[in-house]
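Novice: sequence and predicted structure are below.
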Amino acid sequence: MMKNWLTISEFGELTGLSVKALRLYEEKGILSPHTRSESRYRVYTTDQVSAAKRIVHYKHLGFTLEQIKTLLRETNEQSLQELLEARLYESRKSAAQMQQQIKSLESILTSLNQDKELSETERTQVMENILEISENNLKRKGVVDERALLQVREEISLYSHEKKQVIAGIREIIEYAKKENILLGPGRGNSAGSLVLFAEGYSKRNPMDYGLLPELFSATKFVWLDVEYSRHQEIGRMCDELTQKTGVEVIAFRSPLLDIFKSLEKQIGKVEFNSFSDYDPIILQAPKNGTRGLFWLDWNPNFHAHQHSSIEWREKSRWKNEELEEFFKVNSFQSPMDYMVQDCLMSLGMREEFFAYPRRVTTDYLSSLPELKDTKGLLIFREDWLKILARTTGVSILEANTIQRAIAKNENAPEFSALEKVENTELRKLLLSSCKSVYSKAHSVNGWLQYKQTAILKGLWPKEYLATLEAWEKEHGLVWFEFGYKPTPHEFYLKA
């Protein structure tokens, strides 16, 4: 006999609604949990399933959340018919506009394929098309705040003509991967900060939730993604063609982890990782049960990037699983940011700061800065460095980016004069001393997403997960958490 009560994850799986969506519907007064458990967890009942499925149905018909709220309460047939007729009119109007948009895009693509210069009108149409698609996709994901919509417009306004072509090409790659059931990983590097790529489904999490900077993606001249190790050929070819066409470095890297996920899926079924809260104890406390199988904590000295770094760096960044496991017996992550900070400290080889971080005092001036309150006053992320300089001197993020890169190469660069505008002496010295060592938060966000996935798999299916992981390592002779990167200006490790 089926139980009558359901956890939020079980209810989401049964109805096709994500945990994030269910929380949003509760907040909007559309669908609330039946009750809360003693531990304050949301509890639904099987009697609420039909209402949830009506919501899914109305969403597919294109109704807004406010309209759905009205529809669920509406019992008068005449009023219901009027609402449906109004939606039908809107759909027909949108279809006509979409048809016109398709014709415009076909014309633009014909010009591009014939290497013709786009007219100003066609360039504007490309811009408007990317913006409209991005805004609509963000709204479908529940991102409706004005700040995000303004930010996505700002990001697109900074795109070069080539970057706009890349976005269209990435869209084709994503669609092909879906059709062929090929797993793609999260957006790599500054791609993780792009609201447009998040809207497209290329990056898995909203970059604004993590304080990333979409402007940095606008300026970057490369786009990297991960693809299943064993099914990489076609995606790699599509990326190569896009690179050749646009001059932007679009690279797919073979990912062992995605291979392991696909193999495991055949045994345990598809796992909806996003249905788990980032604060689930099974995720934050996972290292207490050992670091094996946990992304970036399962240290292996045979890791390619470690082996191919300098002797000095290898010594500085050599970690032992025994010392990590001893550390996590008495410490656990309190939040995703805890993981990201300690992921960064590991990557920078800052051993002393890593082991002291849980006890770090946060009463000094630096920890009171809005950019550093989540890192306990540590200036280790490049995005935070740029935000501080922009806030204290009035330069834009992209100007701050140029200044940081110049000073990191040469402390006597003319751009150093920008630091002199920072009034607080302590902060000015910190910006200068940390300029060369700050680490991309976008990398740590990607690390968190992969850590979260591995923590869930190890916590719920430890036997199956670890056996699959070990079988993959044995078959391929590689460390399971290897990832593609660029060791030299002309070399790509694990390129598809």
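Specialist: Perfect, thanks for sending it. Numbering: from 1, shown residues only.

Novice: CA atoms for contacts and neighbours, from now on please.
Specialist: Will do.

Novice: the helices in the stretch 351-496 of the chain, which residues?
Specialist: Per DSSP state H, counting those that start in this stretch, the stretch 351-496 of the chain carries helices over the ranges 351-356, 382-393, 397-409, 425-434, 441-460, 462-476.

Novice: most tightly surrounded among those helices?
Specialist: Ranked by mean neighbour count under mean count of other CA atoms under 10 Å, the helices of the stretch 351-496 of the chain are led by helix 441-460, which reaches a mean of 22.

Novice: which other residues reach that one?
Specialist: Contact with helix 441-460 is made by 186-193, 210, 212, 273, 278, 282-283, 286, 293-296, 336, 339-341, 343-344, 381-383, 465-466, as judged by CA atoms under 8 Å, 6 or more residues apart in numbering.

Novice: ok so, going back, of the helices of the stretch 351-496 of the chain, which is nearest Ser230?
Specialist: Distances from Ser230 to each of the helices of the stretch 351-496 of the chain were compared by CA to CA, and the smallest falls on helix 462-476, at 10.5 Å.

Novice: hey, C-alpha coordinates of the closest one in CSV?
Specialist: In CSV, the C-alpha atoms belonging to helix 462-476 read as follows (Å, rounded to 0.1, in the frame of the first residue of the first chain):
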residue,chain,number,x,y,z
PRO,A,462,27.8,3.9,-2.0
LYS,A,463,28.4,0.3,-3.2
GLU,A,464,27.2,0.9,-6.8
TYR,A,465,28.9,4.3,-7.1
LEU,A,466,32.4,3.3,-5.8
ALA,A,467,32.4,0.1,-7.8
THR,A,468,31.5,2.0,-11.0
LEU,A,469,34.2,4.6,-10.3
GLU,A,470,36.9,2.0,-9.7
ALA,A,471,35.9,0.0,-12.8
TRP,A,472,36.2,3.1,-14.9
GLU,A,473,39.7,3.9,-13.5
LYS,A,474,40.8,0.3,-14.1
GLU,A,475,39.5,0.3,-17.7
HIS,A,476,41.0,3.7,-18.7
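
Novice: okay, the angle between that helix and helix 441-460?
Specialist: In this structure, helix 462-476 runs at an angle of 120 degrees to helix 441-460, with axes from the mean of the first three to the mean of the last three CA atoms, to 10 degrees as the basis.

Novice: before we move on, the earlier item: reformat the helices of the stretch 351-496 of the chain as a markdown table; add distance to Val19.
Specialist: Written out in a markdown table, the entries for these read as follows (distance: least, CA to CA, whole Å):
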| stretch | distance to Val19 |
| --- | --- |
| helix 351-356 | 32 |
| helix 382-393 | 29 |
| helix 397-409 | 34 |
| helix 425-434 | 39 |
| helix 441-460 | 15 |
| helix 462-476 | 24 |
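
Novice: show me which of the contacts of helix 441-460 are buried.
Specialist: The neighbour-count test (16 or more other CA atoms under 10 Å) marks 186-193, 212, 278, 282-283, 286, 293-296, 336, 339-341, 343-344, 381-383, 465-466 as buried among the contacts of helix 441-460.

Novice: those residues in strands, which ones?
Specialist: Using DSSP state E, no member of the buried ones among the contacts of helix 441-460 sits in strands.

Novice: so how far is Glu85 from the residue of the chain most remote from its centre?
Specialist: Within the chain, Gln78 marks the point farthest from the mean C-alpha position, 44.7 Å out by CA atoms, centre = their mean. Note on Gln78: its distance to Glu85, by CA to CA, to the nearest Å, is 11 Å.

Novice: what helix or strand does the residue farthest from the centre of the chain sit in?
Specialist: Mapping Gln78 onto the secondary structure by DSSP states H and E places it in helix 77-113.

Novice: reformat the helices of the stretch 351-496 of the chain as JSON lines; add distance to Gly201 and mean pLDDT.
Specialist: JSON lines is the format used below for the helices of the stretch 351-496 of the chain (distance: least, CA to CA, whole Å; pLDDT from 0 to 100):
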{"stretch": "helix 351-356", "distance to Gly201": "33", "mean pLDDT": "92"}
{"stretch": "helix 382-393", "distance to Gly201": "23", "mean pLDDT": "95"}
{"stretch": "helix 397-409", "distance to Gly201": "25", "mean pLDDT": "93"}
{"stretch": "helix 425-434", "distance to Gly201": "34", "mean pLDDT": "93"}
{"stretch": "helix 441-460", "distance to Gly201": "14", "mean pLDDT": "94"}
{"stretch": "helix 462-476", "distance to Gly201": "26", "mean pLDDT": "96"}
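
Novice: so which of those helices is nearest Glu90?
Specialist: With CA to CA as the measure, helix 441-460 is the member of the helices of the stretch 351-496 of the chain nearest Glu90 (38.0 Å).

Novice: may I see the buried residues of stretch 235-248?
Specialist: Within stretch 235-248, the residues that count as buried by 16+ other CA under 10 Å are 235-236, 238-240, 242-243, 246, 248.

Novice: by mean pLDDT, which helix or strand of the protein comes out lowest?
Specialist: Every helix and strand of the chain was ranked by mean pLDDT, DSSP states H and E. The lowest is helix 77-113, at a mean of 67.

Novice: residues contacting Tyr439?
Specialist: With CA under 8 Å, 6+ apart as the criterion, the residues that contact Tyr439 are 344, 348, 380-382.

Novice: which of those scores worst on pLDDT?
Specialist: For those, the weakest pLDDT value sits at Leu348, with 88.

Novice: any idea how far Ala305 is from that one?
Specialist: Noted for Leu348: a distance of 13 Å to Ala305, by CA to CA.

Novice: same check, this time on Leu469
Specialist: Counting by CA to CA, the gap from Leu469 to Ala305 is 20 Å.
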